[in-house]
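**Q** Just the structure for this:
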Amino acid sequence: MRDRFTKRIQVKLLDGNLIFLDIQPSTSGATLRKEIDTLCGIEKLDSLLFGIAFIDDRGQYYWFPEETLESDENFEFFERFINENRVLHHRVKFFLDSCLSCVHPLSIELYFLDVHQEIFQDNLCLEEFDYVEVAANLIHAYVGDSNGDISSVDTLRYLLPARPRAFFQKIQENMIDEKVTEIERGILENYMLLRGKQRGHSIVRVMQIVERCATYGSRFYCVRDGVTDEQLTIAVNSRGIFVYNVGDFLEPVQWFEWKDLDNLFYKETEFMLGLKQRKMMGNRPNSCLITSEKDVELQKAVNDPTTK
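**A** This is a model prediction of the structure:
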């Protein structure tokens with residue numbers, strides 16, 4: 001029956017457009033990516049920076065495999081997403097220290113669009129002054145100089161989260177509305193200073209600020225502490241593995257730089273880190289046991305050479 005399996009799926013591109021593609025067990029992520037590259041005009045040398053993923057209700061990424069779906073593990077795992085008519089997403093898979101390392105300017109814009117989605121979902125913890133400048137440049141990148149027909153405040157509220165937790169969770173409830181007004185005023189004042197600037201200037205400036213953010217380049221996974229059974233969120237990126245309390249990305253409760261890791265162990269749904277005997281960063285034991293409902297993608301993220 002598997003050889004007769006064919007499904008038409010939707011793929012959401014970074015610019016928000018939807019396309020339809022047919023997938024079969026013989027379909028590979030590389031094949032899908034090539035079709036999207038042709039449609040979007042992505043240069044071959046930049047192609048591997050992007051990937052195609054199912055994103056579940058918790059924001060966890062399940063990357064479509066580069067190989068085909070013909071293996072039992074790949075087919076069974078992705079069949080449930082396909083049967084649920086989940087939309088695939090074309091997103092940045094590998095993050096660079098600077099988007100200016102991309103071969104083609106189009107790729108820089110795609111990184112910018114991915115960053116905007118991360119900001120909108122409140123996954124990037126920016127300091128207030130950085131947030132104000134990023135927001136101003138976002139508005140300018142999308143609408144340019146205001147022509148009087150566009151409400152900048154409405155545009156701002158459409159493009160960005162209403163209350164970024166990075167600084168709003170520290171504010172007393174009765175002061176929030178006043179703080180929102182203050183931040184919006186600051187954003188619009190900065191936006192007015194961008195009159196006459198090129199769109200590309202705003203895109204690059206957003207990227208330069210965001211690339212300094214501690215959570216930039218992270219994809220997040222829900223896990224449980226193997227000892228306390230406490231639910232946690234971990235982020236895997238080029239700097240290491242970071243452990244957060246659920247819904248709080250301001251400060252990791254533990255973090256493990258790659259240079260401190262001696263070994264990584266997987267067994268069924270258990271994920272364990274072995275640490276070298278050196279000065280520890282943060283409040284950490286010599287090992288950390290984490291369990292995950294399905295850690296295949298977590299394992300791939302840790303093993304990928306771009307996170308080393």
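**Q** mind listing the helices for this structure?
**A** With DSSP state H as the criterion, the chain has helices at 29-40, 44-47, 72-83, 105-120, 128-143, 152-159, 165-168, 176-192, 199-210, 296-303.
**Q** Which neighbouring elements make contact with the first one?
**A** With contacts defined as 3 or more CB pairs under 8 Å, 6 or more residues apart in numbering; DSSP states H and E, the packing partners of helix 29-40 are strand 18-23, helix 44-47, strand 50-55. For glycine as for every other residue, the C-beta is placed from the backbone atoms N, C-alpha and C.
**Q** what mean pLDDT does it have?
**A** Confidence over helix 29-40 (mean pLDDT, whole number) is 89.
**Q** of all the helices of the chain, which lies closest to residue 218?
**A** helix 105-120 (8.8 Å; CB to CB).
**Q** Other residues contacting that closest one?
**A** With contacts defined as CB atoms under 8 Å, 6 or more residues apart in numbering, helix 105-120 is touched by 14-15, 40-43, 46, 49-50, 91-92, 96, 99-100, 102, 124, 126, 134, 138, 141, 159-161, 200, 203-204, 206-207, 210, 216.
**Q** how about 7 Å then?
**A** For helix 105-120, contacts defined as CB atoms under 7 Å, 6 or more residues apart in numbering pick out 14-15, 41-43, 46, 49-50, 91-92, 99, 102, 124, 134, 138, 160-161, 203, 206-207, 210.
**Q** re earlier: mind checking which of the helices and strands packed on helix 29-40 is nearest residue 193?
**A** helix 44-47 (31.9 Å).
**Q** starting at the chain centroid, how far to that closest one?
**A** Counting by CA atoms, centre = their mean, to the nearest Å, helix 44-47 is centred 20 Å from the centre of its parent chain.
**Q** Check stretch 251-259 too.
**A** With CA atoms, centre = their mean, you get 18 Å for stretch 251-259.
**Q** Give the rounded mean pLDDT of it.
**A** Average pLDDT, stretch 251-259: 84.
**Q** List the buried residues of that stretch.
**A** For stretch 251-259, burial by neighbour count (16 or more other CB atoms under 10 Å) applies to 252-256.
**Q** Show me the residues you listed that map onto strands.
**A** Members of these lying in strands (criterion: DSSP state E): 254-256.
**Q** Ranking helices and strands of the protein by mean pLDDT, which lands last?
**A** When the helices and strands of the chain are compared on mean pLDDT, DSSP states H and E, strand 287-291 comes out lowest with a mean of 52.
**Q** Flag the shaky bits of this protein, pLDDT-wise.
**A** By pLDDT under 70, the low-scoring segments of the chain are 1-5, 69-78, 80-85, 146-152, 161-174, 176, 268, 277-308.
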